[in-house]
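A.B. asks: what's the 3D shape of this:
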Amino acid sequence: FFVEYLDTVTELLIDDFKADLISLKRSQQFDLKKRTEVVRKFMSSVSVGLPDRPVIPSLSRILNM
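C.D. replies: Here you go, the predicted model:
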């Protein structure tokens, strides 16, 4: 149960992160500061409860959208 819960939370965080990135791209203000802010917010959310989950490979894939 707990693993399923973590997977769901991870998916939600990644969806939220993607939405943040997409809105940054749409607003044409894709400056490094805002992007860093979005990534930092995502990473801090992830590291809170997911120390051993393989989120980082998919994170780099998302960043290359």
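A.B. asks: The helix ranked longest in the chain - contacts with which helices or strands?
C.D. replies: For the chain, the helix with the greatest residue count under DSSP state H is helix 2-26. Contacting helix 2-26 under the criterion 3 or more C-beta pairs under 8 Å, 6 or more residues apart in numbering; DSSP states H and E are the following elements: helix 32-49, helix 56-63. From N, CA and C alone the C-beta is placed, and that goes for glycine too.
A.B. asks: go with 6 Å
C.D. replies: The criterion is 3 or more C-beta pairs under 6 Å, 6 or more residues apart in numbering; DSSP states H and E, and the helices and strands that helix 2-26 contacts are helix 32-49.
A.B. asks: Quick one: mean pLDDT for the helix it packs on?
C.D. replies: Per-region confidence: helix 32-49 scores 69 on mean pLDDT.
A.B. asks: Stretch 5-13 too?
C.D. replies: If you average the per-residue pLDDT over stretch 5-13, you get 76.
A.B. asks: Dump that stretch to CSV, keeping only the CA atoms.
C.D. replies: Listed in CSV are the C-alpha atoms of stretch 5-13, where the atom choice follows Å, rounded to 0.1, in the frame of the first residue of the first chain:
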residue,chain,number,x,y,z
TYR,A,5,0.9,5.7,-2.3
LEU,A,6,4.4,6.9,-3.0
ASP,A,7,4.1,6.2,-6.7
THR,A,8,0.8,8.2,-6.8
VAL,A,9,2.4,11.1,-4.9
THR,A,10,5.4,11.0,-7.2
GLU,A,11,3.2,11.0,-10.3
LEU,A,12,1.2,14.0,-8.9
LEU,A,13,4.4,15.9,-8.2
